[in-house]
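> kindly return the folded structure for what I paste below:
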Amino acid sequence: MGGLTQTLEQEVKDDNRVVAGWLLYYHERKNDYERRREIILHSSGASAFDGQPRGTELGDTTGHKGDKLAELHERTGEWLELVEDIERRLPPKMRIILERRRECIFATRKKYKGRPPWIPYVQVKYAEDMAMMEDKKLEDVWVNTPDIFTDWWKQIVMYATVLAGKKNLL
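Numbering: from 1, shown residues only. Coordinates of the predicted model:
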């Protein structure tokens, strides 16, 4: 029984890691998706196609592009749609956590030992955002316990993992 539990725990961790990657690197993956989509749309298959069918190859370049676009959407587009859905459905406070967590990746490129660098970064930015959003003083919205940000992040990932499972993305 211990092996089964360990296997399930590892599977959940692996799924959460995949989902967290999509949440965190959404903008980079979206840009890559758009770039690949444009390449497919503007590709010219005419020079490779001489009108003669070749076994399993599609003779129809438009159909071939459609197949490539469908494959791209199936692999990447559905994940991007999931992240967009999560962003729309998150309460404003959690949306701030997600946005600032993404931002932190690029603001803190160095490797740190100890506490992940995103927590203090998000803690400060969250307070600034909330103070502005609620028209309050920074000290009135300051969250003093950094572990709360970890808990909120885990909730965001859990919500996204459940939705990804429902959409058969995992």
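> make it CA atoms for all contacts and neighbour counts henceforth
OK.
> count of residues packed around Trp22?
21 (other Cα atoms under 10 Å).
> now do the contacts for Tyr25.
Counting by Cα atoms under 8 Å, 6 or more residues apart in numbering, Tyr25 touches Arg102.
> distance of Asp85 from Asp32?
According to Cα to Cα, to the nearest Å, Asp85 stands 19 Å off from Asp32.
> list the contacts for Glu139?
With Cα under 8 Å, 6+ apart, Glu139 has these contacts: Ala127.
> any idea of the pLDDT on it?
What the model reports as pLDDT for Glu139 is 95.
> secondary structure element for it?
Using DSSP states H and E, Glu139 sits within helix 138-141.
> give the next helix or strand downstream of that helix.
helix 147-166.
> using PDB, write out every CA atom in that next one.
The C-alpha trace of helix 147-166 is given here as PDB (Å, rounded to 0.1, in the frame of the first residue of the first chain):
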ATOM      1  CA  ASP A 147       3.300  31.200   3.900                       C
ATOM      2  CA  ILE A 148      -0.100  32.500   3.000                       C
ATOM      3  CA  PHE A 149       1.300  33.200  -0.500                       C
ATOM      4  CA  THR A 150       2.400  29.600  -0.800                       C
ATOM      5  CA  ASP A 151      -1.000  28.500   0.200                       C
ATOM      6  CA  TRP A 152      -2.700  30.800  -2.300                       C
ATOM      7  CA  TRP A 153      -0.400  29.600  -5.000                       C
ATOM      8  CA  LYS A 154      -1.200  26.000  -4.200                       C
ATOM      9  CA  GLN A 155      -4.900  26.800  -4.500                       C
ATOM     10  CA  ILE A 156      -4.500  28.400  -7.900                       C
ATOM     11  CA  VAL A 157      -2.500  25.300  -9.100                       C
ATOM     12  CA  MET A 158      -5.100  23.000  -7.600                       C
ATOM     13  CA  TYR A 159      -8.000  24.800  -9.400                       C
ATOM     14  CA  ALA A 160      -6.100  24.600 -12.700                       C
ATOM     15  CA  THR A 161      -5.200  21.000 -12.200                       C
ATOM     16  CA  VAL A 162      -8.800  20.000 -11.600                       C
ATOM     17  CA  LEU A 163      -9.900  21.900 -14.700                       C
ATOM     18  CA  ALA A 164      -7.000  20.400 -16.700                       C
ATOM     19  CA  GLY A 165      -8.100  16.900 -15.600                       C
ATOM     20  CA  LYS A 166     -11.700  17.600 -16.600                       C
END
